[in-house]
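Next comes the sequence, and after it the predicted model I'd like to discuss.
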Amino acid sequence: MTTTVFLLAMVLATAMGFAVQRGATCTVAAVDEVISKRRAHRLLAMMEASVWVLGGLLLAKAMGGHMNLMPAGYTVSSSVFFGAILLGLGAAVNGACVFGAIARLGSGDWSYSLTPVGFYIGCLLAHPPGVKAMMPRVVAPSAVLDAPIGLLFLIVVWIFFRITWSLRLLSMESLGSGIFRMLWAPHAATLVIGFSFVGLLYLVGPWTYTEVLAEWSGTEIALDLSRTLLFLALLAGAVWGGRTAARFKPTRLTIKSSVRCLSGGLLMGTGSLLIPGGNDGLILVGMQLLSPYAWVAFVTMFVTIAFFLKGQSLLRN
């Protein structure tokens, strides 16, 4: 990786962290919106972001870039269901999924600094040193990657339409505050996350910070400093976004919040390695490729979170 490429990747990772503060990729928030507000704006934004990433994957394939790093598929097995339940339960206990935890940490809630720690411990439990994790069998990459060029054309047309429509809405508002509101809208921020992911795809291949934590827990750890620095850039972007949005309000650690975030991260780490793939990996990589294991895992995780939140609401009432 050249210095220029690395610096561009750092910028994109920072932009992703910045957008996470308002983006709608947190599955817990999406489930809560469906249950409490009877609407699916966040869920739809997540699906649209995955379409942007699909366009990036198809374009990368067409250009021959990073094809050796294109995501593989996995068979649907009992570990996928079990892992998805653990992932959903961990996200619900944590109060945020892996992306949401970064947003909370960037807002100064220091309890969420323990979520990545718990995630790492969970990966160790599912993949202890010297023992290969019991994961589904790897299968050939998705057939969607072999789709005709016409699919890429349709996605490009859709992206052009979305950008044009956003600029049209912007022209109806005053500049300055109008630009700020548009960029900070949850839907737009989610698309920034998708765009940043696509950019990182071109530069370093598919990258998520949960993969970095999982790699640290592996038996053959190749400490890639560049990937670790991308993780730190993501955190820095989240803090920057929190300060910019006046959301940075340092919250002291408590025993209750520390145990919640640590245990939530642990459950998510174990579950993500069993699937394999965390919330970000399933949404930004697996689902748009129509990989059955990714859809099974996401739906199972979604239902698990819904049951947990509904049960929590009934207990409060």
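All right, it came through fine. Residues are numbered from 1 along each chain as shown.

Report the separation between Leu151 and Leu225.
From Leu151 across to Leu225, the span is 37 Å (C-beta to C-beta, to the nearest Å). For glycine as for every other residue, the C-beta is placed from the backbone atoms N, C-alpha and C.

try Ala101
In this structure, Ala101 and Leu225 are separated by 23 Å, where distance is defined by C-beta to C-beta.

The two: which has the busier surroundings?
Ala101 (31 against 8; other C-beta atoms under 10 Å).

Let me see the ranges of the helices in the stretch 51-200 of the chain.
78-94, 98-106, 114-126, 149-171, 177-184, 186-204 (DSSP state H, counting those that start in this stretch).

Most tightly packed of these?
helix 98-106 (a mean of 27; mean count of other C-beta atoms under 10 Å).

Against which helices or strands is that one packed?
Using 3 or more C-beta pairs under 8 Å, 6 or more residues apart in numbering; DSSP states H and E as the contact test, the elements touching helix 98-106 are helix 3-20, helix 78-94, helix 114-126, helix 209-216, helix 225-244, helix 255-274, helix 279-281.

Does anything pack onto the shortest one? Which helices or strands?
If I follow you right, that is helix 279-281. helix 98-106, helix 209-216, helix 255-274.

what's downstream of it, the next helix or strand?
Once helix 279-281 ends, the next helix or strand along the chain (criterion: DSSP states H and E) is helix 292-316.

Run the chain-centre distance for that next one.
17 Å (C-alpha atoms, centre = their mean, to the nearest Å).

I'd like to know which elements that helix is packed against.
Under the contact definition 3+ C-beta pairs under 8 Å, 6+ apart, helix 292-316 sits against helix 27-37, strand 73-74, helix 78-94.

switch to 6 Å and redo it
With contacts taken as 3 or more C-beta pairs under 6 Å, 6 or more residues apart in numbering; DSSP states H and E, helix 292-316 sits against helix 27-37, helix 78-94.

Mind telling me which residue is nearest the centre of this protein?
When the chain is reduced to its mean C-alpha position, the nearest residue by C-alpha atoms, centre = their mean turns out to be Asp280, at 2.3 Å.

mind checking how far that residue is from Gly271?
In this structure, Asp280 and Gly271 are 13 Å apart, going by C-beta to C-beta.

returning to what we had before: I'd like the helices of the stretch 51-200 of the chain as JSON lines, with distance to Thr3 and mean pLDDT appended.
Listed next are those as JSON lines, based on distance: least, C-beta to C-beta, whole Å; pLDDT from 0 to 100:
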{"stretch": "helix 78-94", "distance to Thr3": "37", "mean pLDDT": "92"}
{"stretch": "helix 98-106", "distance to Thr3": "26", "mean pLDDT": "86"}
{"stretch": "helix 114-126", "distance to Thr3": "27", "mean pLDDT": "88"}
{"stretch": "helix 149-171", "distance to Thr3": "30", "mean pLDDT": "66"}
{"stretch": "helix 177-184", "distance to Thr3": "29", "mean pLDDT": "50"}
{"stretch": "helix 186-204", "distance to Thr3": "12", "mean pLDDT": "78"}
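
Relative to Ala297, tell me which of those helices wins on proximity.
helix 78-94 (4.1 Å; C-beta to C-beta).

Ala49 touches Thr190, doesn't it?
Yes. With contacts defined as C-beta atoms under 6 Å, Ala49 counts as touching Thr190 at a distance of 4.8 Å.

Phe248 belongs to a strand, doesn't it?
No. Read with DSSP: H, G, I helix; E, B strand; the rest coil, Phe248 is coil and lies in no strand.

Report the contact partners of it.
Applying C-beta atoms under 6 Å, 6 or more residues apart in numbering, we find Phe248 in contact with Ser107, Gly108, Gly242.

ok, 10 Å please
By C-beta atoms under 10 Å, 6 or more residues apart in numbering, the contact set of Phe248 is Gln21, Gly106, Ser107, Gly108, Asp109, Ala238, Val239, Trp240, Gly241, Gly242.

Quick check, pLDDT for it.
According to the per-residue confidence, Phe248 scores 75 in pLDDT.

List phi and psi for it.
Dihedral angles phi and psi of Phe248 (degrees, to the nearest 10) take the values phi -80, psi 100.

Neighbours of the closest residue to it other than its chain neighbours, how many?
For Phe248, ignoring the flanking residues on the chain, the nearest one in space by C-beta to C-beta, 6 or more residues apart in numbering is Gly242 at 4.2 Å. Other residues near Gly242 number 23, with proximity taken as other C-beta under 10 Å.

quick one, what contacts Gly242?
With contact taken as C-beta under 10 Å, 6+ apart, Gly242 is in contact with 17-18, 20-21, 103-109, 248-249.
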